[in-house]
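Q: quick one, fold the following:
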Amino acid sequence: MTIEYDGILLRCDELDHWSTQIRNQAIILLIENVKSALADQSISFKNIQSVCQKVFIETNDIVEVAKTASQVFGVSSMSPVSIIPKDELSLSDSHDKTHFEECDDKVFRSTERLDGIGGLPTGFQGRAVCTISGGLDSPIAAFKIMKRGCIPIFVHFDNFPFGDESTKNLAIRQARKLTEYIHGHEIKMYIVPHGDDLTEVLRHAPRKMTCVFCRRNMYRLAQEIARIEDADAIVTGEIIGEQASQTTRNLLAEESAVDDIPIIRPCIGDDKVEIEKMARKIDTYKFAHEAVSCCSLPPKYPTVYADIKKIKSAESKMDMGLIATEMAQAEVIIIQAGVKDH
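A: Predicted coordinates for the structure are as follows:
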């Protein structure tokens with residue numbers, strides 16, 4: 001027997017234990033994001049509305065609506081459903097694979113449950129400056145923070161003349177890929193020149209600490225972007241022990257360069273197997289074969305235990321005004337226009 005479906009029922013399981021007021025706010029935001037996602041793909045629907053802390057999309061295009069909605073943050077699962085008036089429901093409607101969900105005077109009947117991407121609706125949390133290096137880890141870190149409802153502001157630090165154009169172009173393509181998961185919100189990417197402050201580091205810092213000073217300046221630049229964009233955090237792809245600059249002691253020394261914004265490292269405890277698995281899942285692994293070293297400066301014998309006193313002594317000799325100069329030279333790319341700009 002062929003079931004005639006009335007539409008798709010979207011579930012947001014993570015909201016189940018939240019207060020009614022917060023759930024309602026999240027559902028309203030989710031509806032707007034789903035509308036934008038469907039509009040981006042030119043997929044038609046008759047109506048979309050909140051029903052008992054879920055979202056019902058009335059449509060004849062079941063397959064395409066389900067495919068698109070499954071990639072909207074906040075949707076944990078979905079089902080094609082037919083609607084039965086509650087007073088007409090009978091045992092004859094039931095069999096082993098049938099599931100019923102009651103809402104007011106209606107019952108939504110479904111026979112399958114499809115997975116969604118999960119997380120929280122985009123925009124439910126604040127904005128976050130997400131560094132994109134062109135490597136494998138940073139897109140995963142950005143994706144994880146995006147999944148928690150944050151709107152990303154991407155940034156790539158252009159190391160020219162110590163890096164080449166291909167790394168910058170790769171980072172932009174990675175940001176565009178990640179933006180495919182964001183709907184209805186403007187997404188920016190900053191390309192910030194980073195070569196002049198690195199030159200200053202080479203002049204005044206111990207060579208074995210080059211990467212520590214490099215990261216300190218990247219954090220300073222990211223902090224300036226956060227101030228401009230009213231962002232709540234800086235997000236990086238660092239993993240403990242993956243590189244010499246990512247030992248716990250070096251991370252401590254590096255993040256002390258910024259003082260009024262948290263640095264979030266969503267991948268901090270992951271290993272490469274986990275990173276590669278996630279990259280395949282979100283379709284950023286395809287860039288892996290293009291990834292090259294974004295910088296030619298890492299020393300042969302880098303420090304793994306940075307001394308903050310030596311860092312401050314070296315920085316006292318540097319022209320830190322270069323941070324402001326580099327920010328003034330930053331290029332801003334609009335990766336995606338917001339709803340108001342469509």
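Q: can I assume K46 is in contact with F56?
A: No. Applying Cβ atoms under 8 Å as the test, K46 and F56 come out as separate, 10.6 Å apart. Yep, even glycine has a C-beta here, placed from its N, CA and C like the rest.
Q: any common contacting residues for these two?
A: Contact with both K46 and F56 is made by residues G7, according to Cβ atoms under 8 Å, 6 or more residues apart in numbering.
Q: more crowded one of these two?
A: F56 (22 against 11; other Cβ atoms under 10 Å).
Q: look up phi and psi at the more buried one.
A: Here is the backbone geometry of F56 (degrees, to the nearest 10): phi -110, psi 130.
Q: so it touches R11, yeah?
A: No. Counting by Cβ under 8 Å, F56 stays clear of R11, with 10.6 Å between them.
Q: overlap in contacts, those two.
A: With Cβ under 8 Å, 6+ apart, F56 and R11 have no common neighbours.
Q: show me what the helix or strand of the chain with the lowest mean pLDDT is packed against.
A: Across the helices and strands of the chain, mean confidence by mean pLDDT, DSSP states H and E is lowest for strand 99-103: a mean of 89. With contacts taken as 3 or more Cβ pairs under 8 Å, 6 or more residues apart in numbering; DSSP states H and E, strand 99-103 sits against strand 106-110.
Q: if we use 10 Å, what do you get?
A: strand 7-11, strand 47-51, strand 54-58, strand 77-85, strand 106-110 (3 or more Cβ pairs under 10 Å, 6 or more residues apart in numbering; DSSP states H and E).
Q: just the ones you listed: most buried one?
A: By mean neighbour count, with neighbours taken as mean count of other Cβ atoms under 10 Å, strand 7-11 ranks first of these at a mean of 25.
Q: show me how far it is from its chain's centre.
A: 24 Å (Cα atoms, centre = their mean, to the nearest Å).
Q: check which helices and strands that strand sits against.
A: Strand 7-11 makes packing contacts with helix 20-40, strand 47-51, strand 54-58, helix 62-69, strand 77-85, strand 99-103, strand 106-110 when contacts are defined by 3+ Cβ pairs under 10 Å, 6+ apart.
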